[in-house]
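> Take this sequence and fold it.
(2 chains)
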Amino acid sequence: MDLLWQTAVNAMYAASYMSLIAVGLVMIFGVMGVINFAHGELYMLGAYCVVFLYAQENFPFLLAAAAGLVFVGLVGLFMERAMFRPLRDNPLSGLIASIGFLLILQTLVVLGFGRRMGHVPPPTQEKLEVFGAVLTHQRLLVIVAAILLLAALWAFLKRTRFGWALRACAQDAEAAALQGISMTQTARIAMFIGAGLAGIAGALTAPLVSPTPYIGHSVIVTAFIIIIVGGIGSLEGAVIAAVLYAFVHTFVTTFFDGVIANIVGLALMLAVLVVRPTGLFGAKERA
Amino acid sequence: MSRKSLDGKITRRKFLGSSAASGATLAAIGAGLPRVAFAADAVIKIGFLAPLTGPVAAWGKPGLDGCLIWADWVNAKGGVKIGGKSHKIEFVGYDNEYDAAKARTGATKLIKEDGVKFVMMLGGDTWPGVQKIAEREGMLFSTLLPSDLSPETKTLLAPCEVHPIYNVTGVEWLAENKKELKTAAICAQDDALGKPSVATYLAAFEAAGIEMVDKPEFFDPATTDFAPVMTKLLAKKPDILCLDTCYADYVHPLCEQAFQQGYKGQIISCTADFYQKIIEKTSKEFMEGFIFQFPDFDDPAMNSKGVNFVKPNEFYAEYAKRYGASEWGAVSWEYASIMDLWADAAARAGSADPGPVLEAMKAGGTGKHAFGDAKWWGKELFGIDNALVGDWPVVAIEDGKARIKAFKSIPAWWDKHSKLMIKHMTALGQMWNQR
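Residues are numbered from 1 along each chain as shown, chains lettered A, B, ... in the order given. Down below sits the predicted model:
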């Protein structure tokens, strides 16, 4: 029974940070129509904000994590202005530009921090027991932060004029423009939020992983599987698919094998595509 | 700025004065240099083809750093004397990023463009990209992973690290000194480095009468969250947690996970690179008694009579001075120790060419391994006697510091348990004729 609870706790943690990354990716795609291949590197940048501010400069961890959100959000704004806006009419060019940008980000981090893994001492070693399962405060922080941030995002999208504008642009950009909604303004907001969410995911998980300049590769593949399963463009789909994928992957890893878990994850994506080519929430509900 | 300089008036007096000052400065610098004269062509280039970036860089870059110390020391003493002439040694590095295709490109460049006389590699997944070039060119290569050896490539040597065979010594020491440990669980990344090491540990545990609680857990090398892996490993409450030959990027989070999930038992691992950082993430008490295979070279035991590595304590001190003590890792000394063997063989052969050096190195079937005199071995396991095997240290972390507990003989273990090793290597498809 302890094993079941521990696995469930592990899955909740994985679902939390993957939701943040996948929702950010969906935001960018939904509003701008660009598949941002550099999204994994935005996660990596968030982790390195913590490496620099917390591990090297001794700022408080939460301040470093918040700085990660803001800094990576600003990098997102730069990407929007320098790459995606000039290439707005050609999504393929945007995708290729994002691949180039991810290599630039990796190289910059290598130059700044070296090639080896960054060392982040744990902000706390406190832990609590939930039905025999161990949950460290650091992992609990990731879970709580993900819930709060996603709830705030939901409220922003449903209750504010900017949120309505974002959703309108995601549903039909031209119709939204005819109503006087600025595409440039909404793209900026989407890029800042999308990048910022990846950044905060990287920042919060930095003490729990071994940050390297190449860590983005590992998360981007999973993020793509999640947004395809959830339905490309659907925020609710991304969250539900992240939870589904995390639970399936974690339980299969624990009770069978990590490599089999990857195969099952991909099989899940294929099965959803065969039965419902738009993904679980694709087309019907978009951001 | 440059424009200003170009426009500035240079008088004859200024020119002569500057020239005299430059000449005096050069003479002064020259006086401070070691009095070693190298002919223009008396430079021997050695290729260093290993991962200098990426997740496996910890087993490449520190080795190159160690080689630079080796070269500085050797060159300061006049270089390597070959055929009565002193030769300066120069390392040419190529980052293969632990990728076979990049290793192939690197090997071609090093041989054809740089004219190296010897190429040192980490090996593993990168060796298949280089093997054909080595066979075609007859170039002398070394690997840290003797599982790369096969009878097809006679110019590939494993003269230092007999990975993963030396891992048997750690398990043997545990069985002798901690008899209460009866069960073990093992995990490794699913690649060419992890699998032969798992086979070795399985053989060593079986030889020691230690039972495996589950089949080995192979995880995807792209894994970043190790909580599920650790949950599975600890589910059956093993006495020993074996981290196999996991890369440093995995050993650290695996240890952290074991700590967080409340594990209090014995840990054994091939490496514990940058172990001070693991202690920071866990605790000194948690890491107490952690067994691995790579000593810090400031260990007093490194000065024991049998050790052949030249000035190990001084080498460690210089490494720590240049790069920081926490940067010391498993391979920091290994490539340098291979260079000791190469330089000795080249001096005896009177030539730096691959053929004569290879012949001199293997002459008499024995060699001076870093940890003691050893023999060229491996026919049964690799199809060729190109691995230099002797004693290997067993290291334990005590009060936050790595300490050598014993030097144990690999050939002695092999003589008693070779059938077990071949059984497990065969089961995982790791024999030379299966790869």
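> which stretches of the stretch 251-400 of chain B form strands?
Using DSSP state E, counting those that start in this stretch, the strands of the stretch 251-400 of chain B run over B:266-268, B:291-292, B:366-369, B:372-377, B:387-389, B:391-398.
> now do chain A
Under the criterion DSSP state E, strands of chain A are mapped to A:127-130, A:133-136.
> which one of those has the lowest average pLDDT?
Looking at these, the lowest mean pLDDT belongs to strand A:127-130 (a mean of 88).
> How far does it sit from its chain's centre?
26 Å (Cα atoms, centre = their mean, to the nearest Å).
> who touches it?
A:W5, A:V9, A:V134, A:L135, A:T136, A:H137, A:L140, B:Q260 (Cβ atoms under 8 Å, 6 or more residues apart in numbering or on different chains). In this view, the C-beta of every residue, glycine as well, is placed from N, C-alpha and C.
> where's the last one relative to chain A, distance?
The spacing between B:Q260 and chain A, counted by Cβ to the nearest Cβ, to the nearest Å, is 5 Å.
> So for that residue, what's the nearest residue that isn't a sequence neighbour?
Nearest residue to B:Q260, sequence neighbours excluded (Cβ to Cβ, 6 or more residues apart in numbering or on different chains): A:T136, at 5.1 Å.
> Identify the bridge partners of that neighbour.
Taking DSSP bridges as the rule, A:T136 bridges to A:K127.
> Around chain A, which positions in the stretch 201-350 of chain B sit nearby?
For the stretch 201-350 of chain B, the residues in contact with chain A under the definition Cβ under 8 Å from any Cβ of the partner chain are B:217-220, B:222-225, B:227-229, B:231-232, B:235, B:248-250, B:252-253, B:256, B:260-262, B:274, B:277, B:280-281, B:283.
> where does the chain have low pLDDT?
Picked chain A for this. A:1, A:115, A:283-287 (pLDDT under 70).
> was after chain B, sorry
B:1-41.
> So B:Y94: helix, strand or coil?
Following DSSP: H, G, I helix; E, B strand; the rest coil, the label given to B:Y94 is strand.
> Does it touch B:T108 like I think?
No: if you go by Cβ atoms under 8 Å, B:Y94 and B:T108 don't touch, sitting 9.9 Å apart.
> Between these two, point out the one with more neighbours.
When neighbours are counted by other Cβ atoms under 10 Å in any protein chain shown, B:Y94 comes out ahead of the other of B:Y94 and B:T108, with 22 against 14.
> Name the nearest residue to the more buried one, sequence neighbours excluded.
B:G106 is the one closest to B:Y94 (Cβ to Cβ, 6+ apart), at 3.6 Å.
> The host helix or strand of that neighbour packs against which elements?
When elements are defined using DSSP states H and E, B:G106 is found to belong to helix B:100-108. Under the contact criterion of 3 or more Cβ pairs under 8 Å, 6 or more residues apart in numbering or on different chains; DSSP states H and E, helix B:100-108 touches strand B:43-50, strand B:85-95, helix B:127-137.
> Please identify the deepest-packed of the ones you listed.
Mean neighbour count, computed with mean count of other Cβ atoms under 10 Å in any protein chain shown, is highest for strand B:43-50 among these, reaching a mean of 23.
> Direction included, what does it pair against?
Here, using DSSP bridges, strand B:43-50 pairs with strand B:85-95 (parallel), strand B:118-121 (parallel).
> I'd like the ones you listed laid out as JSON lines, including distance to A:G202.
As requested, the strands paired with strand B:43-50 are exported to JSON lines (distance: least, Cβ to Cβ, whole Å):
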{"stretch": "strand B:85-95", "distance to A:G202": "25"}
{"stretch": "strand B:118-121", "distance to A:G202": "33"}
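> Those strands: which one's closest to A:L157?
Proximity to A:L157 (Cβ to Cβ) singles out strand B:85-95 among those, at 45.1 Å.
> Okay, angle between the closest one and helix B:100-108 too, please.
160 degrees (axes from the mean of the first three to the mean of the last three Cα atoms, to 10 degrees).
> For the stretch 51-200 of chain A, what lies in contact range of chain B?
Counting by Cβ under 8 Å from any Cβ, the stretch 51-200 of chain A comes close to chain B at A:V110, A:R115, A:R116, A:M117, A:H119, A:P121, A:P122, A:Q125, A:K127, A:V134, A:T136, A:R139.
> Let me see the contact set for the residue nearest to B:Y94.
Contact partners of B:G106, counting by Cβ under 8 Å, 6+ apart, are B:G47, B:L49, B:Y94, B:D95, B:N96.
> Apply 6 Å and report the result again.
B:L49, B:Y94, B:N96 (Cβ atoms under 6 Å, 6 or more residues apart in numbering or on different chains).
> mind listing the helices for the stretch 101-250 of chain B?
Counting by DSSP state H, counting those that start in this stretch, the stretch 101-250 of chain B has helices at residues B:127-137, B:167-177, B:194-207, B:227-234, B:248-260.
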